[in-house]
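Enquirer: Whatever this is, show me its structure:
(one chain, ligands or ions: 2)
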Amino acid sequence: MACRTQSQSVQSLMVNLPLDNSARPALDQANFPSLEKALKHFFGYDQFRLSQRQVIEDTLQNRDSLVIMPTGGGKSLCYQLPALLKIGVTLVVSPLIALMQDQVEALRDNGIAATFLNSSLSLSELRQREAALLQGQIKLLYVAPERLLSEAFLPLLQQLSQTIGVAAFAIDEAHCVSDWGHDFRPEYRQLRFLRQQYPTVPMLALTATATERVREDIVEQLQLRDPALHVTSFNRQNLYYEVQPKGRQAYAQLLPLIQQQEGTGIIYCLSRRRVDETALRLQQDGIAALPYHAGLSDTTRQENQSRFIRDDVRIMVATVAFGMGINKPDVRFVIHYDLPRSLENYYQESGRAGRDGEAARCTIFLGYGDIATVEYLIDRKPDPREQRIAKQQLRQMIAYAESSVCRRQIQLGYFGEDFAGLCQNCDNCCLPPPIEDWTVEAQKFLSCVARCRERFGMTHIIDVLRGSRKKRLLELKHDQLSTYGIGKDRALDEWRLLGRSLLHQRLVDETTDGYSVLKLNAASWQILRGQLAVQVAITQKLESASAADSSTERDRPPAEVASLLSQLKDLRKRLADEQSVPPYVVFAESSLRQMAQQRPQTLDAFAQISGVGNRKLDQYGKVFTAAIAQFCQEYDLSSDLQPSTAVTQSLTTTHLTTLQFYQQGLTPAEIAVERGLRLSTISDHLARLIEAGQPIELDRLVSSERQQVIQQAIANIGDTPLRELREHLGNTYDYSEIRLVKAAWRKLSQQTTAIAENA
Ligand code: ADP
Ligand code: ZN
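Expert: Ligands and ions are numbered 1, 2, ... in the order given. Here you go, the predicted structure:
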């Protein structure tokens, strides 16, 4: 480990920093007994997330790193914490000015001396900031690549390096160096000069998107030296994925969905017109929504965006022009009102939800009319290669939307990642669609394809089946085919569902030359000959949507928690507005929720809340504890609940992190080592995951013989405390295994009770 152990307490190092150009003594990592202490001190968090600790240790040892983490994974901390522990200034290269300002604001609110240099500053502001830098008052300096490469900046960098020292270079959005990536920026290519000029300064390249090709490009273009590669899973466990079929009255589906939902959300539409229309209708229905698209003036866009970020409005209705570089961690839902163009786009766009790690919902509205629109747009592309790629991407997207298998499995598979088991956090896992036997319908459909001599697409086949009087059909004399009108008993949408399902299951083929003609294959003939049955997943998710709500019903916090939470949110908004910062800069939602659950009334108790670092304690401790105390008095509630009783309601990020490792096949002992936590803590996580119904296989953790003995003990003496169970077992079993078996036993008995109640 890179940090030396020293017994000096963190408290003695507390420095009260004014917000502006604060003087901070150069901190060394030796000042912190452990990295966790430093994490709590500066950022208020108790634990590192996946890979963060390793990246930080590597950076402290001056090793280069390539960090690939999904959005919201916590990349920033990987260079921010080392920056605070190392001597000198850390230079952060970031391509987007808005993002830069957000990050600096959030850092300053944690009392961290950070600043940025970019083209938005006046000359005098620039001079002031440069002076602060040269006096060693700044730990983190954010610059845009243009600025970094400018003639004015290079001497400053040189001077910094000679006087106060340069601790590290962090290159954010590093995929911009590659023309294989999606945001190629030629200036990024020149960043290699940093490596040439400052060969001993460690460099971190960070990105959320990188295929193998882009990865190689980053290492090569930035000339990283023997970099440590840190790749975390792209699985965003806190996101719930679902697809709903879009009816004719799509708005009537959208509105209740938004009304049921708490917090802020983004609604993506394909066209500007649709954005404007939808935003307007929502406003008329009393929902605070604003539009965002490239057709609006720069100022309007800017203003709408910042009103969204500051929680002045709840909903942003936008084209995909919105979102890139938006650092709003508490977006609770993302709805694709129209079908996204590709799975990759979908991953990025839906990924703007729940960056704070809290539960969030991602919904796609699947309308067959939209597919035709997208196809039309694709056909208008001049380049046939581009057309082909776009069509293939669209097909993958449709396949995803129509699929009845775990959504996460498909998404991660698309990024080349194996995902074992079911995620239990998507519609297909939680509400599997009913499967029906549609063999007879399939035979009608396929024989119609045959009668039409395999020369037509799905729309025409369905027209024939349903006995349409379309002119072209009559001209072709297809009304005289034996299959004409034999499918009148089924609706258009049902035939489409069947047709798509057949394609999906490869029970019929479709040409890919742009005409999408249906062709029979060997499986089709087996069906026609009655040798193969056809099962169709009836993806009528409209009912399921209400089923999903009942699960939120179950997770709903008690009334007093909800009520306190809403008061704390108001307080946060007021404090944020006073400082002109977005509310999440004051506190993350998870911190507020923990406060509402635990009701801390003393500063000591308040400091225990995740997200309360030293600076936040000083700045907000008094107001928040006072508000909580007042609330408790008003409602005659007890306070300072023990975290153990208060937080058990729901799983937190730390449990999910353990789950992620477990799903990668690590044993509890390995997870404990990887996370720097105790084995007993990991066992406790796994037990809670079991109780919460997550897919943990007990057999992987406790041998079945031992399980049986422990179960017998529980059956004998009941659900008693672990210690008693252990004694009953003659102290030959350890707490971890008893805890795990007990969790499974509880889960099982819960389920049996539920079944008995429903019976
Ligand atoms: P990224 O840049 O990877 O998209 P961020 O660095 O913006 O993600 O982090 C996403 C959110 O997670 C932020 O709100 C951040 O404060 C929070 N976060 C990061 N690390 C931790 C941690 N160890 N514990 C709790 N929250 C964290
Ligand atoms: Zn799933």
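Enquirer: in the stretch 1-150 of the chain, which spans are strands?
Expert: For the stretch 1-150 of the chain, the strands defined by DSSP state E, counting those that start in this stretch cover 65-68, 89-93, 114-117, 140-143.
Enquirer: Using CSV, lay out those together with distance to ligand 1 and mean neighbour count.
Expert: All C-beta atoms are positioned from the backbone trio N, CA, C, and that covers glycine. Putting these into CSV (distance: least, Cβ to the nearest ligand atom, whole Å; neighbours: other Cβ atoms under 10 Å) gives the following:
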stretch, distance to ligand 1, mean neighbour count
strand 65-68, 9, 25
strand 89-93, 11, 26
strand 114-117, 14, 23
strand 140-143, 13, 24
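Enquirer: nearest to ligand 2, of those?
Expert: For ligand 2, the closest of these is strand 65-68, at 23.1 Å, according to Cβ to the ion.
Enquirer: Centre of the chain to that closest one, how far?
Expert: Distance of strand 65-68 from its chain centroid, counting by Cα atoms, centre = their mean, to the nearest Å, is 19 Å.
Enquirer: one step back: adding distance to residue 267 and mean pLDDT, write the strands of the stretch 1-150 of the chain out as JSON lines.
Expert: Output for these, formatted as JSON lines (distance: least, Cβ to Cβ, whole Å; pLDDT from 0 to 100):
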{"stretch": "strand 65-68", "distance to residue 267": "29", "mean pLDDT": "95"}
{"stretch": "strand 89-93", "distance to residue 267": "32", "mean pLDDT": "96"}
{"stretch": "strand 114-117", "distance to residue 267": "31", "mean pLDDT": "94"}
{"stretch": "strand 140-143", "distance to residue 267": "31", "mean pLDDT": "96"}
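Enquirer: Spell out which parts of the stretch 501-650 of the chain neighbour ligand 1.
Expert: residue 588 (Cβ under 6 Å from any ligand atom).
Enquirer: switch the cut-off to 8 Å
Expert: In this structure, the stretch 501-650 of the chain approaches ligand 1 at residues 584, 588, 590, 610, 611, judged by Cβ under 8 Å from any ligand atom.
Enquirer: Among the residues you listed, which pair sits farthest apart?
Expert: 584 and 610 (14.1 Å; Cβ to Cβ).
Enquirer: what's around the closest residue to residue 457 other than its chain neighbours, how many residues?
Expert: Distances taken as Cβ to Cβ, 6 or more residues apart in numbering place residue 516 nearest to residue 457, at 4.7 Å, with adjacent residues excluded. Residues within reach of residue 516, counting by other Cβ atoms under 10 Å, total 16.
Enquirer: Residue 516 and residue 510: what is the separation?
Expert: Look at residue 516 and residue 510: by Cβ to Cβ, to the nearest Å, they are 5 Å apart.
Enquirer: who touches both of the two?
Expert: 457, 458 (Cβ atoms under 8 Å, 6 or more residues apart in numbering).
Enquirer: any weak-confidence spans in this structure?
Expert: 1-31, 180-182, 210, 324-325, 512-514, 539-557, 638-653, 751-759 (pLDDT under 70).
Enquirer: and whichever strand or helix holds residue 299, anywhere near ligand 1?
Expert: Using DSSP states H and E, the element containing residue 299 is helix 298-309. No - Helix 298-309 stays clear of ligand 1 (Cβ under 8 Å from any ligand atom), getting no nearer than 13.2 Å.
Enquirer: From the contact counts, what lies against the very next helix or strand once past that helix?
Expert: Downstream of helix 298-309, the next assigned helix or strand under DSSP H and E is strand 315-318. Strand 315-318 is packed against strand 264-268, helix 272-284, strand 289-292, helix 298-309, with contacts defined by 3 or more Cβ pairs under 8 Å, 6 or more residues apart in numbering; DSSP states H and E.
Enquirer: hmm, back to that, in a markdown table, list the strands of the stretch 1-150 of the chain along with distance to residue 737.
Expert: Listed next are those as a markdown table, based on distance: least, Cβ to Cβ, whole Å:
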| stretch | distance to residue 737 |
| --- | --- |
| strand 65-68 | 36 |
| strand 89-93 | 45 |
| strand 114-117 | 47 |
| strand 140-143 | 46 |
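Enquirer: thinking again about what came up before, and the helices and strands packed on strand 315-318 as TSV, adding mean neighbour count and distance to ligand 2?
Expert: Converted to TSV, the helices and strands packed on strand 315-318 look like this (neighbours: other Cβ atoms under 10 Å; distance: least, Cβ to the ion, whole Å):
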stretch	mean neighbour count	distance to ligand 2
strand 264-268	24	21
helix 272-284	17	29
strand 289-292	24	30
helix 298-309	16	29
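Enquirer: closest one to residue 332 among the ones you listed?
Expert: strand 264-268 (6.0 Å).
Enquirer: helix/strand/coil for the residue nearest to residue 338 when sequence neighbours are not counted?
Expert: Spatially, and ignoring its direct neighbours in sequence, residue 338 is nearest to residue 270 (4.0 Å; Cβ to Cβ, 6+ apart). Classification of residue 270 by DSSP: H, G, I helix; E, B strand; the rest coil places it in coil.
Enquirer: Residue 423 too?
Expert: coil.
Enquirer: Outline the domain layout of this protein.
Expert: Residue ranges for each domain of the chain read 2-231, 239-430, 438-524, 559-641, 651-758, as given by automatic domain parsing.
Enquirer: Residue 531: which of those is closest?
Expert: The nearest among these, by Cβ to Cβ, is domain 438-524 at 9.5 Å.
Enquirer: Skip the chain neighbours and tell me the closest residue to the residue in the stretch 151-300 of the chain positioned nearest to ligand 1.
Expert: In the stretch 151-300 of the chain, no residue comes nearer to ligand 1 than residue 208, which is 6.2 Å away by Cβ to the nearest ligand atom. Excluding the flanking residues, the one nearest residue 208 by Cβ to Cβ, 6+ apart is residue 71, at 4.8 Å.
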